[in-house]
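> Quick one: sequence plus predicted model below, questions after.
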Amino acid sequence: MRFIWLLFGTLLAVVLAAGWHYQHPAAAPASTSQQAALPILSVVERRPASARRPRPVRADSVVRFALAQLGTNYCYAGSNPTTGFDCSGFVRFVFGRFAVDMPHSTSLLIGVGRPVPRAQARPGDIVVFTGTAPGSTTPGHAGIVISDLGETPLRFVHSSSARRESGVKISQVEGSGYEQRFMQVRRVI
């Protein structure tokens, strides 16, 4: 039994020493094989801060990725293409692909980004609607604008729970039930 504890202690010491070496490469003596790896680590560590920043999100990329989900099933509380999406899960999934964090709640989506007038909506903006209950004044549905700036009707891609044609699809605001339910357009990118 002592042999096992001795072996375990030795392995633990080696692992800890190796971890310390990688955290402090200049302080630990480097073998010939390790010396070849040190310059690579140095180059990565010395990258300028601007090189580490994420690239800006392009609206056309967001729209293209959102449209690639067309036909995906609707699923209450769903947030992935395998099981399906609800509306806020769809918005979260699409923007998450581009490292833009979104809540999985339509009532919280109305607070992200900044509001813009409907006439100024552009691709990649979020459009928020009330729920379907008559007289509803709280957020209940959301989608992603796909229309160009100033284009009418305002079209958006979303995951709908409608009995006819549920799932990810394209709809428009003007001339539809969404016109009466329209709340806001939010710009997040």
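Right, received. Where do you want to start?
> May I see the domains of this protein written out as residue ranges?
Domain assignment for the chain by automatic domain parsing gives 2-52, 59-187.
> As JSON lines, the ones you listed with mean pLDDT and mean neighbour count would be great.
To be clear about C-beta, it is placed using only N, CA and C from the backbone, and glycine gets the same treatment. As requested, those are arranged in JSON lines below (pLDDT from 0 to 100; neighbours: other Cβ atoms under 10 Å):
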{"stretch": "domain 2-52", "mean pLDDT": "50", "mean neighbour count": "10"}
{"stretch": "domain 59-187", "mean pLDDT": "96", "mean neighbour count": "17"}
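> can you pull the contacts of the most centrally placed residue in the chain?
Against the mean C-alpha coordinate of the chain, by Cα atoms, centre = their mean, the closest residue is Gly96 at 0.8 Å. For Gly96, the contact set (Cβ atoms under 8 Å, 6 or more residues apart in numbering) comprises Met102.
> could you measure it against Tyr76, distance?
19 Å (Cβ to Cβ, to the nearest Å).
> do the same with His104
Per Cβ to Cβ, His104 is found 12 Å from Tyr76.
> how about the helices of the chain, start to end?
Remark: helices assigned in the chain by DSSP state H are 2-23, 32-45, 49-52, 59-67, 87-96, 106-109, 177-181.
> ok, and the closest non-adjacent residue to Gln172?
Pro153 (4.0 Å; Cβ to Cβ, 6 or more residues apart in numbering).
> And stretch 126-137, how far out from the chain middle?
From the chain centre to the centre of stretch 126-137 is a distance of 24 Å (Cα atoms, centre = their mean, to the nearest Å).
> what about it, start to end distance?
End-to-end distance for stretch 126-137: 18 Å, by Cα to Cα, to the nearest Å.
> contact partners of it?
91, 106, 109-110, 112-113, 121, 138-145, 154, 156, 173, 178, 181-188.
> Repeat that for stretch 98-115.
Residues contacting stretch 98-115 (Cβ under 8 Å, 6+ apart): 54, 57, 61-62, 65, 77, 79, 87-89, 91-92, 95-96, 125-126, 128, 138-142, 183-189.
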